[in-house]
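> For reference, the sequence and a predicted model appear below.
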Amino acid sequence: QKEVEQNSGPLSVPEGAIASLNCTYSDRGSQSFFWYRQYSGKSPELIMSIYSNGDKEDGRFTAQLNKASQYVSLLIRDSQPSDSATYLCAVTLGGATNKLIFGTGTLLAVQP
Amino acid sequence: GAVVSQHPSRVICKSGTSVKIECRSLDFQATTMFWYRQFPKKSLMLMATSNEGSKATYEQGVEKDKFLINHASLTLSTLTVTSAHPEDSSFYICSARTPGQGEFWGNTIYFGEGSWLTVV
């Protein structure tokens, strides 16, 4: 079982719609959860971080964390074509190393 | 947000030569930096964790003698690809962890711009 799993997509949504991206992780001791956006050929850019169960909102982005289900999601409201990118879920594993492990990413395509 | 600078952004080298990539945290001290590589349309694979003043911790399957990591100061880590071969061609990305309120909480990891390595 992969440590961090995502649907590779592509996820296609019309402009203005809500895009929902999902991620599951295997290590119950995981403490920190992140969503990164990566445009083709570029380095990942931090979108959201979340540490506690529940929702965290920042502008058009909402991260949701459910540690019991080992599930983290990202909602993008009012999707724009510029949101088209690969979204990477990343999890800090439990323990002293605090390594950041990435999922394979979900390709989001927002159609104008 | 925190700034991490990586240099060079692109490098082409001949097979058999060595290439050094630098990663700097510009506005914070990073006791820990991470090196990743990414093949086209694939996810980031952690290569090693670089700790200031001590030896790097390599992930399983990563050759430490081929990918030399040095973290000589709190703001600089370097990755040297030794005796490079065409299969080493990849996108190499460093990241640095900002100091947090606790060991696990409040830490955020920022990425450099990445370095494209092409070995010919």
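All right, it came through fine. Residues are numbered from 1 along each chain as shown, chains lettered A, B, ... in the order given.
> so where's chain B uncertain?
B:1-2, B:100-107 (pLDDT under 70).
> show me what contacts the closest residue in space to residue B:14 that isn't next to it in sequence?
The spatially closest residue to residue B:14, leaving aside those adjacent along the chain, is residue B:120, at 6.2 Å (CB to CB, 6 or more residues apart in numbering or on different chains). Where C-beta positions appear, they are placed from N, C-alpha and C, glycine not excepted. By CB atoms under 8 Å, 6 or more residues apart in numbering or on different chains, the contact list for residue B:120 reads B:12-15, B:86.
> cool, and residue B:31?
By CB under 8 Å, 6+ apart, the contact set of residue B:31 is B:51-52, B:74, B:97, B:99.
> Which residue ranges of chain B form helices?
Counting by DSSP state H, chain B forms no helices at all.
> can you check chain A too?
Going by DSSP H, chain A shows no helices.
> for it, what helix or strand is lowest in average pLDDT?
The least trusted helix or strand in chain A, going by mean pLDDT, DSSP states H and E, turns out to be strand A:100-102, with a mean of 87.
> Show residues contacting that one.
Strand A:100-102 has contacts (CB under 8 Å, 6+ apart) with A:3-4, A:34, A:36, A:88-93, B:34, B:43-44, B:46, B:95, B:109.
> filter those residues to the buried ones?
By neighbour count, with 16 or more other CB atoms under 10 Å in any protein chain shown, the contacts of strand A:100-102 hold A:4, A:34, A:36, A:88-93, B:34, B:43-44, B:46, B:95, B:109 as buried.
> Between those, which sits nearest residue B:6?
Nearest to residue B:6 out of those is residue B:95 (CB to CB; 9.5 Å).
> Let me know the distance separating the closest one from residue A:68.
Applying CB to CB, to the nearest Å, the value for residue B:95 to residue A:68 is 29 Å.
> which stretches of chain A form strands?
A:4-6, A:11-14, A:19-25, A:32-38, A:45-50, A:54-58, A:61-66, A:71-76, A:85-92, A:100-102, A:106-111 (DSSP state E).
> of all those strands, which lies closest to residue B:26?
Closest among those, once you apply CB to CB, is strand A:45-50, at 15.8 Å.
> beta partners of residue A:57?
Per DSSP bridges, the residues bridged to residue A:57 are residue A:62.
> what about it, neighbour count?
Taking other CB atoms under 10 Å in any protein chain shown as the criterion, the count of residues near residue A:57 is 12.
> what residues are up against residue B:73?
So residue B:73 contacts residue B:52 (CB under 8 Å, 6+ apart).
> Can you name the residues of chain A that neighbour chain B?
A:31-32, A:34, A:36, A:41-46, A:49, A:51, A:88, A:90, A:92, A:94, A:96-105 (CB under 8 Å from any CB of the partner chain).
> neighbours around residue B:11, how many?
17.
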